[in-house]
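*Asks:* model the structure of this input:
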Amino acid sequence: MSKKLKAAVSHHDREVAELRADRELAVEYLKAAMESLDNHDDRAAGLLALRTVAEAYGGLGAVDAEAGISRESLYRALSANGNPTLKTLLAVLKAVGMKLSVEPEHRVAV
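*Replies:* As a prediction, this is how the structure comes out:
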């Protein structure tokens with residue numbers, strides 16, 4: 001007797017689906033990603049997180065069209081070795097219905 005195996009869903013595909021389904025999760029996910037951009041060792045994770053959210057909200061094809069950035073430039077900017085310009089970062093955030101904001105850094109008083 002053989003059992004049918006369910007089609008495997010990749011971690012990435014599951015992540016994209018969860019972010020698409022839960023806007024608040026996507027916002028918190030990107031907040032954490034933006035914080036990691038400030039740390040050189042974590043920057044790749046932050047850029048890939050932004051790319052994942054872009055995929056969740058229309059795919060990179062839709063984002064590149066709305067943001068006015070070529071697909072190749074967008075893939076390069078949102079890669080592990082990417083270094084997007086502020087213009088690209090703002091355009092991608094706008095394309096997924098978000099914006100950049102500033103908060104005070106929490107520091108421990110000495």
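
*Asks:* shaky segments in the protein?
*Replies:* 1-7, 108-110 (pLDDT under 70).

*Asks:* residue closest to the middle of it?
*Replies:* residue 50 (1.5 Å; CA atoms, centre = their mean).

*Asks:* what's the strand or helix carrying it in contact with?
*Replies:* Using DSSP states H and E, the element containing residue 50 is helix 43-56. If you take CB atoms under 8 Å, 6 or more residues apart in numbering as the criterion, helix 43-56 is touched by 12, 15-17, 19-20, 26, 29-30, 32-37, 60, 63, 74, 77-82, 84, 89, 92-93, 95-96. Placement of C-beta: from N, CA and C, glycine included.

*Asks:* mind saving the C-alpha coords of that helix as CSV?
*Replies:* The C-alpha coordinates for helix 43-56 follow below in CSV (Å, rounded to 0.1, in the frame of the first residue of the first chain):
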residue,chain,number,x,y,z
ARG,A,43,23.0,43.4,5.4
ALA,A,44,22.5,40.4,3.1
ALA,A,45,19.6,39.1,5.2
GLY,A,46,17.9,42.5,5.2
LEU,A,47,18.1,42.9,1.4
LEU,A,48,16.8,39.3,0.9
ALA,A,49,13.9,40.1,3.2
LEU,A,50,13.0,43.1,1.2
ARG,A,51,13.1,41.0,-1.9
THR,A,52,10.9,38.4,-0.3
VAL,A,53,8.3,41.1,0.6
ALA,A,54,8.5,42.4,-2.9
GLU,A,55,7.8,38.9,-4.2
ALA,A,56,4.8,38.6,-1.8
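
*Asks:* could you pull out the buried residues of it?
*Replies:* 43, 46-56 (16 or more other CB atoms under 10 Å).

*Asks:* mind exporting the next helix or strand after that helix as PDB, just the C-alpha atoms?
*Replies:* Reading on from helix 43-56 to the C-terminus, the next helix or strand found by DSSP H and E is helix 59-67. Output of helix 59-67 as PDB, limited to C-alpha atoms (Å, rounded to 0.1, in the frame of the first residue of the first chain):
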ATOM      1  CA  GLY A  59       6.300  39.800  -7.600                       C
ATOM      2  CA  LEU A  60       9.500  41.500  -8.700                       C
ATOM      3  CA  GLY A  61       8.100  42.000 -12.200                       C
ATOM      4  CA  ALA A  62       5.300  44.100 -10.900                       C
ATOM      5  CA  VAL A  63       7.500  45.900  -8.400                       C
ATOM      6  CA  ASP A  64      10.100  46.800 -11.100                       C
ATOM      7  CA  ALA A  65       7.400  48.200 -13.400                       C
ATOM      8  CA  GLU A  66       5.800  50.300 -10.600                       C
ATOM      9  CA  ALA A  67       9.200  51.400  -9.200                       C
END
